[in-house]
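In: I'll drop the sequence and a predicted model, then ask my questions.
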Amino acid sequence: MRAAAVTEPGRLRAIGAVLALVLVAFGAVTAWQVASRATAADAVVDTSQPLSADAAAIYRSLADADTTAASGFLSGGQEPREVRQRYEKDIALASRLLVKAAAAGEASDAARSRIAALNEGLPRYTGLVEAARADNRQGLPLGGAYLRYAGDRMREELLPAARGLYEAETGRLGSDYDDAEARPWAALALGVVALGALAWAQRRNYLRTNRVFNHGLLAATAATAVVLLWLVAGHAVARSGLESSYAHGARSLEALTEARIGSLQARGDENLTMVARGAVLTKNGDDQYETNYRSGMARLIGGDKGPAREGSLLDRALALADDAEGRAPVDAAIKSVRTWQQRHGEVRALADDRGDYKDALQKVIGEKDSTRASFDLVDSELERALGYEQDEFRRAADDGRGAFSGLAAGAAVLTVLGAAGAVAGIGRRLSEYR
C-alpha cells in the first residue's frame, strides 16, 4: 500500500475514491437535510397550523357558547330556538375538536394537560347552564346565580385552559416553521468542498497530462454544481414562501383570532351585566361585568370614536392585513364596533339613568338597532377576514413547501451519477498505465 501510494496509479485510485466518497456524502447529507425541512414544511401546512386553528376554534366556540347562553337567559323562560341551536352547536364543535386534539400525535405535555382540564370542566359548565335554564323557565331568581357561576367557571377555568392549548399549539407551529426554514449549512459546505475537490483534481490532471478536459470529472462537476444551485435556489424559494405564509397568514390569523375572542368576551360581559343587574360589584363598588366590558372594549379597539387605537387588537389585525381585500372586513368590523359602543351607551342610559330595564333589554337582544345586531356584524366580518387570511396562508405555504419537491431524490441521483462520473474519469486516466 505504501508503494502504491507513491505511484501515479495509486494516487489516482486514492483521488477517485475520495472524490466518490465526498460526492456521495454530499448527496446523502443534502437528501437528509432537505427531507427533514420538507417534513417540517408539511407539518406546518397539514398538522401544526390546522391544530393551532382548531385550538383557536375551541376557544372561540367556548366563548361564543358562554355569550349565547347569557343571551338565551335574557330572552326569558322560553329562549329562541336559534339561540339554543347556536349554543348546542358551539358545545358540540368544542367537544369534537377536543377529541381531534387529543387524538393528534406528538402533543406536548402542556397541550395534553389543557385538553384534560377542558374535558373535565366542560360537562360541569354545561350542567350549570342547564340548571340556570331550568330555573329561568320556572321564573326562579336562582337561575341568574347559576348562570353567573357558570360564566365564572368559563372565565376562570375553561377559557384559560383553552388559551393554554392555543398557545401550546401555536408554539408547536413556530417550532415547525423554524425547522422548515433552517439553512442546510452542512449540505452547502459539503457541496462547496465537493466542487473544490473536483476543480483541484481536474487542475492536477491538466498540469500532469496537458489535457484540458476529463469528460468524467467534467460531468461530475456539472452534476455537483446543479445540485448545489438547486439546493440554494430551492431553499431560498421555500424559505421565502414560508416566511410569507407566516408574516401575511399565520400572524394575521393570530391577530384576528384574538380580536374575535375579545369581541365575544365583551359581548358576554354585556349580557351578564343585564343578567346580574348590579348584583356583582368590584372593590370600588362598580358593576363588575360593566367594568369587564369596558376593559375588554379598550383592549379590542380603544376609545369610543374614530379609528382603532394604536396597539389595540383590531389595530394590529388591520396593520397585518397586507392588501385591500384583507383590510376591508377589518375596517367594517371596526365601524361595527363603534356602532356597538354607541348603542351600548344608550342601553346604559336606559337601564342606569331611567331604570327602564325592559327597553334596555330590547336594545341588547333585539334583532334590529341593538347591540346584538352590531356584535353579529363584528363577528361575521372577522370570520370573513379569517377565511381570507387562511387562504392566503395556505397558498403561500403550499408554494414554499412545493420548492422542496423532488430536491432530495434529485440530489441523491445526481450525486451518485457524479460519483460514477468521477470514478469513470479517473479510470480513463488509469487505463493509460495498463
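Out: Structure's in. What do you need?

In: all contacts plus neighbour counts: C-alpha atoms, from now on.
Out: Noted.

In: and residue 430, how close does it get to residue 424?
Out: According to Cα to Cα, to the nearest Å, residue 430 stands 10 Å off from residue 424.

In: what do you get for residue 336?
Out: Counting by Cα to Cα - residue 336 and residue 424 are separated by 74 Å.

In: re earlier: more neighbours: which of residue 430 and residue 424?
Out: Neighbours were counted for residue 430 and for residue 424 using other Cα atoms under 10 Å; residue 424 has more, 19 against 16.

In: show me which residues of the strand or helix carrying the more buried one are buried.
Out: Assessed by DSSP states H and E, residue 424 sits inside helix 407-430. Under the neighbour-count criterion of 16 or more other Cα atoms under 10 Å, helix 407-430 has 407-427, 429-430 buried.

In: using CSV, list the CA coordinates for the helix or strand residue 95 falls within.
Out: Assessed by DSSP H and E, residue 95 sits inside helix 81-103. Extracted in CSV, the C-alpha atoms of helix 81-103 (Å, rounded to 0.1, in the frame of the first residue of the first chain):
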residue,chain,number,x,y,z
ARG,A,81,-84.8,28.2,19.1
GLU,A,82,-81.9,29.7,17.0
VAL,A,83,-80.2,30.8,20.2
ARG,A,84,-80.5,27.3,21.7
GLN,A,85,-79.2,25.7,18.5
ARG,A,86,-76.2,28.1,18.4
TYR,A,87,-75.3,27.2,21.9
GLU,A,88,-75.5,23.5,21.2
LYS,A,89,-73.5,23.9,18.0
ASP,A,90,-70.7,25.7,19.9
ILE,A,91,-70.6,23.0,22.6
ALA,A,92,-70.6,20.2,20.0
LEU,A,93,-67.9,21.8,18.0
ALA,A,94,-65.7,22.4,21.0
SER,A,95,-66.2,18.7,22.1
ARG,A,96,-65.4,17.4,18.6
LEU,A,97,-62.2,19.5,18.3
LEU,A,98,-61.1,18.4,21.7
VAL,A,99,-61.4,14.8,20.6
LYS,A,100,-59.4,15.6,17.5
ALA,A,101,-56.7,17.5,19.5
ALA,A,102,-56.4,14.5,21.9
ALA,A,103,-56.1,12.1,19.0
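
In: so which bits of it are buried?
Out: For helix 81-103, by 16+ other Cα under 10 Å, it's 83-84, 86-88, 90-91, 93-95, 97-98, 101-102.

In: tell me the average confidence for it?
Out: Helix 81-103 carries an average pLDDT of 91.

In: run the chain-centre distance for the next helix or strand after that helix.
Out: Of the helices and strands lying after helix 81-103 in sequence (DSSP H and E), the nearest is helix 109-137. On the basis of Cα atoms, centre = their mean, to the nearest Å, helix 109-137 sits 26 Å off its chain's mean C-alpha point.

In: ok so, going back, in a markdown table, list the buried residues of helix 81-103 along with distance to residue 257.
Out: Putting the buried residues of helix 81-103 into a markdown table (distance: Cα to Cα, whole Å) gives the following:
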| residue | distance to residue 257 |
| --- | --- |
| 83 | 22 |
| 84 | 24 |
| 86 | 19 |
| 87 | 19 |
| 88 | 21 |
| 90 | 16 |
| 91 | 18 |
| 93 | 16 |
| 94 | 15 |
| 95 | 19 |
| 97 | 16 |
| 98 | 18 |
| 101 | 18 |
| 102 | 22 |
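
In: so the helix holding residue 95 versus helix 109-137, what angle?
Out: Angle, helix 81-103 to helix 109-137, by axes from the mean of the first three to the mean of the last three Cα atoms, to 10 degrees: 160 degrees.

In: low-confidence stretches in this structure?
Out: 1-6, 77, 105-107, 210-212, 432-434 (pLDDT under 70).

In: which helix in it has the most residues?
Out: Counting by DSSP state H, the longest helix found in the chain is helix 8-43.

In: sorry, back to before: may I have the helix holding residue 424 exported as CSV, CA atoms only?
Out: Taking Å, rounded to 0.1, in the frame of the first residue of the first chain, the C-alpha atoms of helix 407-430 are listed here in CSV:
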residue,chain,number,x,y,z
LEU,A,407,-35.0,18.0,-4.4
ALA,A,408,-34.0,15.2,-2.1
ALA,A,409,-34.4,12.5,-4.7
GLY,A,410,-32.8,14.6,-7.4
ALA,A,411,-29.8,15.4,-5.2
ALA,A,412,-29.3,11.7,-4.4
VAL,A,413,-29.5,10.6,-8.1
LEU,A,414,-27.3,13.4,-9.4
THR,A,415,-24.6,13.0,-6.8
VAL,A,416,-24.5,9.2,-7.4
LEU,A,417,-24.1,9.9,-11.1
GLY,A,418,-21.5,12.5,-10.3
ALA,A,419,-19.6,10.0,-8.2
ALA,A,420,-19.8,7.4,-11.1
GLY,A,421,-18.6,10.1,-13.5
ALA,A,422,-15.6,10.9,-11.3
VAL,A,423,-14.7,7.3,-10.9
ALA,A,424,-15.0,6.8,-14.7
GLY,A,425,-12.9,9.8,-15.4
ILE,A,426,-10.1,8.6,-13.1
GLY,A,427,-10.5,5.1,-14.6
ARG,A,428,-10.0,6.6,-18.0
ARG,A,429,-6.7,8.1,-16.8
LEU,A,430,-5.7,4.9,-15.1
